[in-house]
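# Predicted model and sequence below, questions to follow.
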Protein chains: 2
Amino acid sequence: MTITITAFERSPDGGRGLARDTRVRWALEEVGQPYQVRLVSFRAMKEPAHLALHPFGQIPTYEEGDLALFETGSIVFHIAERHAGLLPDDANARARAITWMFAALNTVEPVILELATAKVLEGDKPWNKERLPLVEDRVRDRLKQLSTRLGRTDWLDGGFSAGDLMMVSVLLRLKSSGILDEYPNLAAYVARGEARPAYERAFAAQLAINTGPPAG
Amino acid sequence: MTITITAFERSPDGGRGLARDTRVRWALEEVGQPYQVRLVSFRAMKEPAHLALHPFGQIPTYEEGDLALFETGSIVFHIAERHAGLLPDDANARARAITWMFAALNTVEPVILELATAKVLEGDKPWNKERLPLVEDRVRDRLKQLSTRLGRTDWLDGGFSAGDLMMVSVLLRLKSSGILDEYPNLAAYVARGEARPAYERAFAAQLAINTGPPAG
């Protein structure tokens, strides 16, 4: 069955791979599944047709026959469950890989989102300069713990898994801040993720949309 | 195999059910699985023995034979996958229920956590009074979308699922703010969750710890 995902017609990041369709593209590339992309404008994202697919008016969505999903965690898990390559066979190792998916999305990403919010939505507020270091320190608290756990290993728990795919994707949002470089093993971990051929293909595909001629 | 979870020796919320072990207790009660609880102090949470179980030094953790998990999303999913009662049998409906778990944790909870952070960690900051309405409005943006999707239905997608368990748990954090009451269908949705016998048992169990004599 054809898989169709949605992506920004023009991503706010200009193609740096930070829009969340990249996570889904990466997962599909890891398992070797072809997919189609439907581009949506910011206006279309808030219209009923898209809201029926995604109640929070965001991208990506995932359609496959009768099935329609949203949330990158759910989409990546759905792909990982159905195709080899993103979850270990051993039941306990599989449960731990899923744990890292949730850890990326519910423990690590929230502090990173808060930093993005502080910069983007509150960048012009009078408190921003004084408040930003507090927000950055909350990011550091999490990264320090993650860095300790990762140690000298390549991936979070054995071989590369959907947990790493999600954690690397979340950490990528920090690249421009410089904070990631304070934790060399995490910076190397993210670089290992970016060096995977499947990530490279996913990145190139989203970049082509964002640097090509306007859709129309 | 015996299931053992961890919980706060004394919860910061004094037993209002907002500590995250309540989510896991609720899931175990829904599927009728007995469990043991090991209480941990704030100091013990930051020590190596606990960090080996939970790299971010939080509760709850979940142990079952050789398996050790953290992250409530992962633990609740693990329970839901192995026991009937929290995920539909139909494959597409199951994938949508999992989607709502991720939506609760990665789309709805982050804005609610930010509000908690603003009140607890930044309550004494000079900017707090002016900033708080902005944070509250970001919560409202999400709740409005969720309220629209829920409409007049009892649960998010068909019968009660792990997706509802997680969404209700996340929304419960808003109860004291009054914001939830601005969306009557969401307030009723949360009340339906709280009225489930399994939730009542989970709530009572965590309350007993927090109102009983000190552990030790």
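Cool, the structure landed. Residues are numbered from 1 along each chain as shown, chains lettered A, B, ... in the order given.
# C-alpha only now, for contacts and for neighbours.
Fine.
# and stretch A:156-167, how far apart are its ends?
9 Å (C-alpha to C-alpha, to the nearest Å).
# Write out the residues of chain A neighbouring chain B.
Taking C-alpha under 8 Å from any C-alpha of the partner chain as the contact definition, chain A meets chain B at A:55-56, A:66-71, A:73-75, A:78, A:92, A:95-96, A:98-99, A:102-103, A:105-106, A:110, A:113-114, A:127, A:142, A:145-146, A:149.
# make it 7 Å
For chain A, the residues found near chain B under the criterion C-alpha under 7 Å from any C-alpha of the partner chain are A:55-56, A:67, A:69-71, A:73-74, A:78, A:92, A:95-96, A:98-99, A:102-103, A:105-106, A:110, A:127, A:145-146, A:149.
# Just these: which are in strands?
Counting by DSSP state E, the members of those that fall within strands are A:67, A:69-70.
# now the end-to-end length of stretch A:178-187.
10 Å.
# And for the closest residue to residue A:103 other than its chain neighbours, the neighbour number?
Nearest non-adjacent residue to residue A:103, counting by C-alpha to C-alpha, 6 or more residues apart in numbering or on different chains: residue B:71, 6.1 Å away. A count of nearby residues for residue B:71, using other C-alpha atoms under 10 Å in any protein chain shown, gives 28.
# how close does residue B:71 get to residue B:110?
To residue B:110, residue B:71 is 15 Å away according to C-alpha to C-alpha.
# Please apply the same query to residue A:14.
Residue A:14 sits 25 Å away from residue B:110, going by C-alpha to C-alpha.
# the more surrounded of those two?
Counted by other C-alpha under 10 Å, residue A:14 and residue B:110 do not tie: residue B:110 has more neighbours, with 22 against 14.
# domain assignment for chain A?
Domain ranges of chain A: A:3-85+A:198-211, A:91-196, per automatic domain parsing.
# For stretch A:57-69, which outside residues touch it?
Residues from elsewhere that reach stretch A:57-69 (C-alpha atoms under 7 Å, 6 or more residues apart in numbering or on different chains): A:1-8, A:20-21, A:45-46, A:50-51, A:53-54, A:70, A:75, B:92, B:96, B:99.
# Recalculate using a threshold of 6 Å.
Stretch A:57-69 has contacts (C-alpha atoms under 6 Å, 6 or more residues apart in numbering or on different chains) with A:2-7, A:21, A:45-46, A:51, A:70, B:92.
# now stretch A:109-123
Residues outside stretch A:109-123 that contact it (C-alpha under 6 Å, 6+ apart): A:135, A:139, A:170, B:110.
# Would you mind listing the buried residues in that stretch?
For stretch A:109-123, a neighbour-count test (16 or more other C-alpha atoms under 10 Å in any protein chain shown) marks A:109-116, A:118, A:122 as buried.
# cool, stretch A:189-207 as well?
Residues of stretch A:189-207 classed as buried by neighbour count (16+ other C-alpha under 10 Å): A:189-190, A:193-194, A:198-199, A:201-207.
# and which of these is nearest to residue B:176?
residue A:190 (39.4 Å; C-alpha to C-alpha).
# ok, now how distant is the residue sitting nearest the centre point of chain A from residue A:9?
Closest residue to the average C-alpha location of chain A: residue A:169 at 3.9 Å, with C-alpha atoms, centre = their mean. Residue A:169 sits 20 Å away from residue A:9, going by C-alpha to C-alpha.
# In contact with the residue in chain A sticking out farthest from the centre, which residues?
Distance from the C-alpha centroid of chain A, by C-alpha atoms, centre = their mean, peaks at residue A:126 (30.8 Å). Contacts for residue A:126 (C-alpha under 6 Å, 6+ apart) come out as none.
# got a pLDDT number for it?
For residue A:126, the model assigns a pLDDT of 93.
# What separation do you get for it and residue B:43?
Here the distance between residue A:126 and residue B:43 works out to 37 Å (C-alpha to C-alpha).
# cool, and residue A:180?
Remark: distance between residue A:180 and residue B:43 (C-alpha to C-alpha) = 28 Å.
# coming back round to it: let me have the contacts of stretch A:109-123 in JSON lines, extended by distance to residue A:39 and pLDDT.
Formatted as JSON lines, the contacts of stretch A:109-123 follow (distance: C-alpha to C-alpha, whole Å; pLDDT from 0 to 100):
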{"residue": "A:135", "distance to residue A:39": "33", "pLDDT": "96"}
{"residue": "A:139", "distance to residue A:39": "32", "pLDDT": "97"}
{"residue": "A:170", "distance to residue A:39": "22", "pLDDT": "98"}
{"residue": "B:110", "distance to residue A:39": "26", "pLDDT": "95"}
